[in-house]
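Enquirer: what's the 3D shape of this:
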Amino acid sequence: MFGGIVFYALIVHLPYVITGLGVADAALIGLAAAIASLATAAGAISFRFLVKLGTKNLLALAFGLAAVGLSLVSVAGNVPLAIAGAVIASAGTGVLLPTLLTWAVNGLEYQQRGRGTGIWTGTLFIGQFLTPIVLGAAAAGLGSLGFALGALGIACAVALLAVLVRGPRLVPVSQ
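Expert: Now for the predicted structure:
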């Protein structure tokens, strides 16, 4: 579920960040979102080449990129920096989803993988549903969307540390 919140954070909120930087041009806002989406696709495609690093390293990489990218977006004072942060975070979330899914089903018997994938997908979409609620509440409590995204970046850094300290064993995931 946390992975879903991280994944959808910028998909939902990047247009508000760009608008908050004074941009009213819908084409530029759409271009920023499209660039971030391409970074997500690039991250997901890279999974094929990075899979040999193993689940622990891939989770650390994904949460690390998300932490750095969200932190950059949270402090961005201009559009290029916001887009750069979104690209970094989105590349991380592109790696995050296939890593989490593979980790979730890798230990399941073949006959249970469909059920496991369904549960995983349902949980991801609960995270999608919760994203605007969680970040909206965080923005209200912290005073701005930027602070809320920064807090999510910090949460990703904590997830990175948790993975390094207590995460999955360093075993290559199945292809």
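
Enquirer: Am I right that Gly127 is in contact with Phe2?
Expert: Yes: counting by C-beta atoms under 8 Å, Gly127 does reach Phe2; the two are 6.8 Å apart. All C-beta spots, glycine's among them, are computed from the backbone N, C-alpha and C.

Enquirer: could you measure the nearest residue to Gly136 once chain neighbours are set aside against Ala76, distance?
Expert: The shortest distance from Gly136 to any residue other than its chain neighbours is 7.9 Å, reached at Ala148 (C-beta to C-beta, 6 or more residues apart in numbering). Distance, Ala148 to Ala76, by C-beta to C-beta, to the nearest Å: 14 Å.

Enquirer: For the chain, give me the ranges with low pLDDT.
Expert: The chain contains residues with pLDDT under 70 at 169-175.

Enquirer: all helices for it, in order.
Expert: For the chain, the helices defined by DSSP state H cover 2-20, 26-50, 55-75, 79-106, 113-142, 145-166.

Enquirer: Tell me how many other residues surround the residue nearest to Gly136.
Expert: Neighbourhood size, Ala148 [other C-beta atoms under 10 Å]: 23.

Enquirer: Quick one: residues contacting it.
Expert: Shown in contact with Ala148 (C-beta atoms under 8 Å, 6 or more residues apart in numbering): Ser74, Leu135, Gly136, Ala138, Ala139, Leu142.

Enquirer: Likewise for Ala60?
Expert: Here Ala60 is in contact with Leu160, Val163, Leu164, Gly167 (C-beta under 8 Å, 6+ apart).

Enquirer: With distance to Gly114 and neighbour count as extra columns, can I get those residues in CSV?
Expert: CSV is the format used below for the contacts of Ala60 (distance: C-beta to C-beta, whole Å; neighbours: other C-beta atoms under 10 Å):
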residue, distance to Gly114, neighbour count
Leu160, 31, 21
Val163, 27, 20
Leu164, 32, 14
Gly167, 26, 18
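
Enquirer: ok, back up a step: now the buried members of the contacts of Ala148.
Expert: Ser74, Leu135, Ala138, Ala139 (16 or more other C-beta atoms under 10 Å).

Enquirer: Who's the closest spatial neighbour of the last one, skipping the chain neighbours?
Expert: In other words, Ala139. Ala148 (4.1 Å).

Enquirer: Can you give me the distance of that neighbour to Phe125?
Expert: 21 Å.

Enquirer: Could you do Ala60 as well?
Expert: From Ala60 to Phe125 the distance is 25 Å (C-beta to C-beta).

Enquirer: again, but for Ala9
Expert: Distance, Ala9 to Phe125, using C-beta to C-beta: 15 Å.

Enquirer: got it, and Leu142?
Expert: Leu142 is 26 Å from Phe125, where distance means C-beta to C-beta.

Enquirer: so who does Leu72 touch?
Expert: Leu81, Ala82, Ala84, Gly85, Ile88, Ala89.
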